[in-house]
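>>> predicted model follows, preceded by the sequence.
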Amino acid sequence: MSKTFSMEVGGRTLSIDVGRVAAQANGAALMHYGDTVVLSTATASDKPRDGIDFFPLSVDFEEKMYAAGKIPGGFNKREGKPSENAILTARVIDRPMRPLFPKDYRNDVTLNNLVLSVDPECRPEIVAMLGSAISTCISDIPFAGPCAMTQIGMQDGEFIANPSQKVWNEGDLQLTVASTSEKVIMIEAGANEIKEDKMIEAIYMAHEINLKINAFIEEIVAEVGKEKHTYTSCAIPEEMFAAIREIVPPEEMEEAVFTDEKQKREENIRAITAKLEEAFADNEEWLAVLGEAVYQYQKKTVRKMILKDHKRPDGRAIGQIRPLAAEVDLIPRVHGSAMFTRGQTQICTITTLAPLSEMQRVDGLDENITNKRYMHQYNFPSYSVGETKPSRGPGRREIGHGALAEKALIPVLPSEEEFPYAIRTVSETFESNGSTSQASICASTMSLMAAGVPIKKPVAGISCGLVTGDTDDDYIVLTDIQGLEDFFGDMDFKVAGTHDGITAIQMDIKIHGLTRPIVEETIARTREARLYILDEVMAKAISEPRPTVGKYAPKIISMQIDPQKIGDVVGQRGKTINAIIDETGVKIDINDDGVVSICGTDPEMMEKARRYVEIIATDFEAGQVLTGKVVSIKEFGAFIEFAPGKEGMVHISKIAKRRINRVEDVLTLGDKVTVVCLGKDRMGRISFSMKDVKNNQK
């Protein structure tokens, strides 16, 4: 039996149809928000997956081109692999929902979001986020919901809840906040240097909206929700923990993990594991889950050390940053390079500059095909954590980290008019032990400055962690978490920004929410840390952008021509512009406004191309002196080519001061000559003269 529920969200009606479609899924919600329609489903397997020690959750956001009235490009005319936007949307759905499933649940769960229709005023991403939460809450899948998500944009200093695609793209804030009925559980933000107090205001504006949505979801669950099914628990038996503590006392485990060297710690844990394997050699059931048991023992030990003893595994103070180092220009011949090291986390970022024609073309569900001028990509090879596995290209984590750094740096990039380049930065992870994404932001800032990109301000990033106790007031915020504190802690709260404000946030937790004091303390702590990194580390490696691009980077000359002359510069079927490119070896781009960009590495050839474009785009005027090549000889005169496709004729009477009978007596094909424009003759034709060129004219 189909039922429809609706409420007002962000000034528009959100409607949910339950029981109308996809009845065989564990839970399904057909979401309507304006003319945006998304089918969200939640399904789970009947039994746990064998041989795994994690919760197998999959989240999909399927962008179908028909939803925007488009046919997919390419030969196949079928949607291919997920776009970066689809991957990032799926991650934003996964991150707040994953901690709300039981920790000992091992059944496969898939949350699928199929975008059926797109209204530019109602972004499908937020509809899918809400749809995933609702379909899971009403299903029989164990889930500690409800949870809701709201997006906040900002235009002219005013916050806008669930803004249109246009406001989202062009505003000063892109904030997504997820909440349970009590606390904030996820934050994702890109911002144009928003002040910390303003960001907190926006976060809790979204949280208040989420509380209303959660109350609405609870009403839906009360009416159509299914009873949650029972499942096979994969929790470690308490008697096994007791036996482990007998063999490896807490003091021994504490000594094993209390070191600032990741490799030494792993070696200690391997020795403990081997000791336990020998002790449990006759207990196959315990051996099967020994790895998870040792992991949980480590976790309890680390959390107790931090929360009760205020001791961190590497011996640092609670607010202390690991040793830092920064350098630039370590890679020759690239356009810019920098390396940033924080403890055992090390990132090298390489910057590449190219003409604007090299921008990335993005074709998605948005109304328009857009171009990405700045591209940040992040790589995480297995050797960075001492492991061995083949490279299969970037996964969702790598794409997410690259997008976060990109988001953090976009607000400080120069405009196309100031710096007419496409820009690509690639962050290579050389070593990883926590918060590589924030190290990549620091390295990328320095790499951009080393490449001569005139960024407005440097950007740095830092991550804080959290360990909580039994009450909301029992917690410790940790500055600059390393890998172990991330794995065993409750939060990874990343904040990037300049001296003047925040440019990006990504907050993930493993518990059921953060109180406002924790959020406020963390944001304050990250500001203090990033200012230290900016002033005491990065500024000492490179304090400002270099005045020019590097030796090996392409140079660009920009010039403005009359848009009416674009056709003359391009020529029929591109003949004219291609002739200039072939002769000079440069690359030329012209936009619809008549802005011409000439890109090359040889200044002489670039200047030659510029002169050609200027000549072609400028009408001949009396007194104008030009140099060209003889390309045709007739009985009555010679035709001179001043630039590809731009010619003029010198009458035989204007070739020499003396009388000549034949043009060939003075000129041959290919001669370079200088002429002066005499203006129009009696017939209205432009006339040129060689004999009237004055010796001092250039």
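Looks like it arrived, so ask away.
>>> which helices and strands does the strand or helix carrying residue 506 pack with?
Secondary-structure element containing residue 506, defined by DSSP states H and E: strand 502-509. Here strand 502-509 touches strand 184-194, helix 196-224, helix 396-409, strand 491-497, going by 3 or more Cβ pairs under 8 Å, 6 or more residues apart in numbering; DSSP states H and E. The C-beta positions use only the backbone N, C-alpha and C, and glycine is treated the same way.
>>> mind listing what that strand pairs with, with the direction of each?
strand 184-194 (antiparallel), strand 491-497 (antiparallel) (DSSP bridges).
>>> among the helices and strands packed on strand 502-509, which is nearest residue 261?
Taking Cβ to Cβ, strand 491-497 is the member of the helices and strands packed on strand 502-509 nearest to residue 261, at 21.7 Å.
>>> alpha carbons only: can I get the closest one in PDB?
The C-alpha coordinates for strand 491-497 follow below in PDB (Å, rounded to 0.1, in the frame of the first residue of the first chain):
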ATOM      1  CA  MET A 491      36.900  11.600  15.000                       C
ATOM      2  CA  ASP A 492      38.900  12.900  12.100                       C
ATOM      3  CA  PHE A 493      38.200  16.700  11.900                       C
ATOM      4  CA  LYS A 494      40.100  18.300   9.000                       C
ATOM      5  CA  VAL A 495      40.200  22.100   8.600                       C
ATOM      6  CA  ALA A 496      42.100  24.000   5.900                       C
ATOM      7  CA  GLY A 497      42.300  27.800   5.600                       C
END
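>>> quick one: mean pLDDT for it?
The predicted model assigns strand 491-497 a mean pLDDT of 96.
>>> and the gap between the closest residue to residue 316 other than its chain neighbours and residue 481?
Using Cβ to Cβ, 6 or more residues apart in numbering and skipping the chain neighbours, the partner closest in space to residue 316 is residue 322 (6.9 Å). As judged by Cβ to Cβ, to the nearest Å, residue 322 and residue 481 stand 10 Å apart.
>>> more neighbours, those two?
Per other Cβ atoms under 10 Å, whichever of residue 322 and residue 481 has more neighbours is residue 481, with 27 against 19.
>>> need the contact list for residue 372.
359-360, 362 (Cβ atoms under 8 Å, 6 or more residues apart in numbering).
>>> with distance to residue 119 added, can I get these in CSV?
Output for these, formatted as CSV (distance: Cβ to Cβ, whole Å):
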residue, distance to residue 119
359, 27
360, 26
362, 20
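>>> of those residues, which is the most crowded?
When the contacts of residue 372 are compared by neighbour count (other Cβ under 10 Å), residue 359 ends up highest, at 19 neighbours.
>>> the strand holding residue 506 vs helix 196-224, what angle?
40 degrees (axes from the mean of the first three to the mean of the last three Cα atoms, to 10 degrees).
>>> quick one: strand 502-509 to helix 396-409, angle?
Strand 502-509 and helix 396-409 are oriented at 150 degrees to each other (the same axes, to 10 degrees).
>>> so what's the residue count around residue 450?
Residue 450 sits with 26 neighbouring residues when counted by other Cβ under 10 Å.
>>> can you tell me the closest non-neighbouring residue to residue 592?
Excluding its sequence neighbours, the residue lying closest to residue 592 (Cβ to Cβ, 6+ apart) is residue 563, at 6.9 Å.
>>> can you name the residues that contact the one you found?
Applying Cβ under 8 Å, 6+ apart, the residues near residue 563 are 592-594.
>>> among the contacts of residue 372, which lie within strands?
Among the contacts of residue 372, DSSP state E puts 360, 362 in strands.
>>> so, low pLDDT: which residues of the chain?
For the chain, residues meeting the criterion pLDDT under 70 lie at 367-369, 695-698.
>>> now residue 640: which helix or strand?
strand 637-643.
>>> so which residues of the stretch 351-500 of the chain form strands?
For the stretch 351-500 of the chain, the strands defined by DSSP state E, counting those that start in this stretch occupy 360-362, 370-372, 374-379, 421-431, 460-468, 475-479, 491-497.
>>> could you export those strands to CSV, including columns for distance to residue 198?
CSV is the format used below for these (distance: least, Cβ to Cβ, whole Å):
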stretch, distance to residue 198
strand 360-362, 29
strand 370-372, 27
strand 374-379, 24
strand 421-431, 28
strand 460-468, 19
strand 475-479, 21
strand 491-497, 12
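>>> closest to residue 582 out of those strands?
With Cβ to Cβ, the closest approach to residue 582 among those belongs to strand 421-431: 22.9 Å.
>>> what angle separates that closest one from strand 374-379?
Put simply, strand 421-431 runs at 20 degrees to strand 374-379, going by the same axes, to 10 degrees.
>>> given strand 421-431, what are its sheet partners and their directions?
Here, using DSSP bridges, strand 421-431 pairs with strand 345-355 (antiparallel), strand 374-379 (parallel).
>>> for residue 570, give its distance to residue 605.
Per Cβ to Cβ, residue 570 is found 19 Å from residue 605.
>>> pull out the buried residues from the contacts of residue 563.
residue 594 (16 or more other Cβ atoms under 10 Å).
>>> and the contacts of residue 563, which is closest to residue 198?
Nearest member of the contacts of residue 563 to residue 198, counting by Cβ to Cβ, is residue 593, at 35.0 Å.
>>> state the distance from the closest residue in space to that closest one that isn't next to it in sequence to residue 519.
Residue nearest to residue 593 in three dimensions, not counting chain neighbours: residue 563, with 6.2 Å by Cβ to Cβ, 6+ apart. Counting by Cβ to Cβ, the gap from residue 563 to residue 519 is 51 Å.
>>> tell me the contacts of the residue nearest to the spatial centre of the chain?
With the centre of the chain defined as its mean C-alpha position, the nearest residue by Cα atoms, centre = their mean is residue 403, 1.8 Å away. Neighbour list for residue 403: 84, 88, 376 [criterion: Cβ under 8 Å, 6+ apart].
>>> could you check how far the residue nearest to the first one when sequence neighbours are not counted is from residue 342?
Read that as residue 84. Nearest in space to residue 84, with sequence neighbours left out and distances taken as Cβ to Cβ, 6+ apart, is residue 399 at 5.8 Å. Per Cβ to Cβ, residue 399 is found 22 Å from residue 342.
>>> more neighbours: which of those two?
Set side by side, residue 399 and residue 342 show more neighbours around residue 342, with 27 against 18, by other Cβ under 10 Å.
>>> bridging residues for the residue lying closest to residue 624 once chain neighbours are set aside?
Ranked by Cβ to Cβ, 6+ apart and with sequence neighbours excluded, the top spatial neighbour of residue 624 is residue 677, at 4.3 Å. For residue 677, the beta-bridge partners are residue 688 (DSSP bridges).
>>> does residue 677 really touch residue 621, like I thought?
Yes - Residue 677 lies in contact with residue 621 (Cβ atoms under 8 Å); the separation is 6.2 Å.
>>> out of these two, which sits in the busier spot?
Ranked by neighbour count (other Cβ under 10 Å), residue 677 and residue 621 place residue 677 first, with 19 against 9.
>>> check contacts around the more buried one.
With contacts defined as Cβ under 8 Å, 6+ apart, the neighbours of residue 677 are 620-626, 648, 686-688.
>>> what do you get for residue 70?
Residue 70 neighbours (Cβ under 8 Å, 6+ apart): residue 363.
>>> wait, is it part of a strand?
No - going by DSSP: H, G, I helix; E, B strand; the rest coil, the assignment for residue 70 is coil, not a strand.
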